[in-house]
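# Sequence plus the predicted model coming up.
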Amino acid sequence: MTKLQTTPFDAAKYITEPGHVIELLNDALESGDAGYIANALGVVARSEGMTMIAEKSGVKRQALYRSLSEDGNPTLETLLGVLGAMNLQLAVKESDAKAA
């Protein structure tokens, strides 16, 4: 019996269109899951090039990798810097859920 060979999956390789970026980030934001949001932002940043994002956002590359991981907790400054580096901005809308 042969061993199953696997390769790591990197979603950043498949983010090739601006619409993909927006769809992934909106899905993450709508989930309300901080880990998913940080990870999705990291995937998008890697798809654009982490070095370029670091330069444009003014955040060190290593700090981006740390804060934009699934276990990361980016500051608002980092979040806005990364989005700005990608010519994106946050928007607020009313939640579909009714307040109790």
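Yep, that arrived. Being a predicted model, the structure only gives us computed values, none of them experimental. Numbering: from 1, shown residues only.
# So for stretch 42-53, mean pLDDT?
Summarised as a single mean, pLDDT over stretch 42-53 is 94.
# In the protein, which residue is most central in space?
Central residue of the chain (Cα atoms, centre = their mean): Leu41, 0.8 Å from the mean position.
# Is that one within a helix or a strand, and which one?
Assigned by DSSP states H and E, Leu41 belongs to helix 34-48.
# do Glu55 as well
Using DSSP H and E, Glu55 maps to helix 50-57.
# so what secondary structure elements neighbour that helix?
Where contact means 3 or more Cβ pairs under 8 Å, 6 or more residues apart in numbering; DSSP states H and E, helix 50-57 is packed against helix 61-67, helix 76-85. Bear in mind the C-beta positions are built from the backbone N, C-alpha and C, glycine included.
# Go again with 10 Å.
For helix 50-57, the packing partners by 3 or more Cβ pairs under 10 Å, 6 or more residues apart in numbering; DSSP states H and E come out as helix 34-48, helix 61-67, helix 76-85.
# Could you say which of these is packed most deeply?
helix 34-48 (a mean of 21; mean count of other Cβ atoms under 10 Å).
# tilt between it and helix 50-57?
100 degrees (axes from the mean of the first three to the mean of the last three Cα atoms, to 10 degrees).
# tell me the angle of helix 34-48 relative to helix 76-85?
40 degrees.
# quick revisit: now for the residue nearest to the centre of the chain: which residues touch it?
21, 24-25, 28-29, 53, 64, 67-69, 72, 74, 78-79, 82-83, 86, 88 (Cβ atoms under 10 Å, 6 or more residues apart in numbering).
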